[in-house]
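Asker: Turn this into a structure:
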Amino acid sequence: MDNLERLTVLLEKHGVNRSKIKLTSTIQSFGFGPDEIDDFFDEFGETFHIDGKNYNYYDYFFEMVHPIYMIKDVYNRVFYPSKIKKLEITIDHLLRVIESGEWFKPIQQ
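Answerer: Reported below is the predicted structural model:
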């Protein structure tokens, strides 16, 4: 089984429909909640033996909804709009991470 098939099986295990999994699909588009994201990336790292020391959840996903975080989000939107843009993680990027054996940030266009 190749890496794409193994990754597809892992995503299906976490509730993603196979028909939605394309190289350009993003993890963010699958509608995972914060706990589901953590579970997926924990299993992703274990399954593919990925060194995740460079992975930072907040580079890719927003914090859980809490009044303090909402105030922080509004503040950042007004004064630091660059902090609001989150990096997208595509299936293609995950395959490149698998090949390298360690997490690295995707290049955004």
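Asker: Make sure Gly101 is actually in contact with Gly52.
Answerer: No. Between Gly101 and Gly52 there is no contact under Cβ atoms under 8 Å: 10.6 Å. C-beta: built from backbone N, CA, C; applies to glycine.
Asker: Near the residue nearest to Asp38 when sequence neighbours are not counted, how many residues? Count them for me, please.
Answerer: Nearest non-adjacent residue to Asp38, counting by Cβ to Cβ, 6 or more residues apart in numbering: Tyr57, 7.5 Å away. Neighbour count for Tyr57, taken as other Cβ atoms under 10 Å: 12.
Asker: Of all the residues in stretch 59-76, which ones are buried?
Answerer: For stretch 59-76, the neighbour count (16 or more other Cβ atoms under 10 Å) marks 60-61 as buried.
Asker: swap in stretch 8-21?
Answerer: Buried residues in stretch 8-21, counted by 16+ other Cβ under 10 Å: 8, 10-11, 16.
Asker: name the helices or strands packed onto the helix or strand bottoming out on mean pLDDT in the chain?
Answerer: One helix or strand of the chain scores below all others by mean pLDDT, DSSP states H and E: helix 67-79, with a mean of 74. Under the contact criterion of 3 or more Cβ pairs under 8 Å, 6 or more residues apart in numbering; DSSP states H and E, helix 67-79 touches no helix or strand at all.
Asker: Please report how far Cys84 lies from Asp59.
Answerer: Actually, residue 84 is Ile. It isn't Cys. Distance, Ile84 to Asp59, using Cβ to Cβ, to the nearest Å: 12 Å.
Asker: so what secondary structure elements neighbour whatever helix or strand Phe41 lives in?
Answerer: Under the criterion of DSSP states H and E, Phe41 resides in helix 34-48. Here helix 34-48 touches helix 3-13, helix 91-100, going by 3+ Cβ pairs under 8 Å, 6+ apart.
Asker: Between helix 91-100 and the first one, find me the angle.
Answerer: When you say that, I think you mean helix 3-13. Interaxial angle of helix 3-13 relative to helix 91-100 (axes from the mean of the first three to the mean of the last three Cα atoms, to 10 degrees): 120 degrees.
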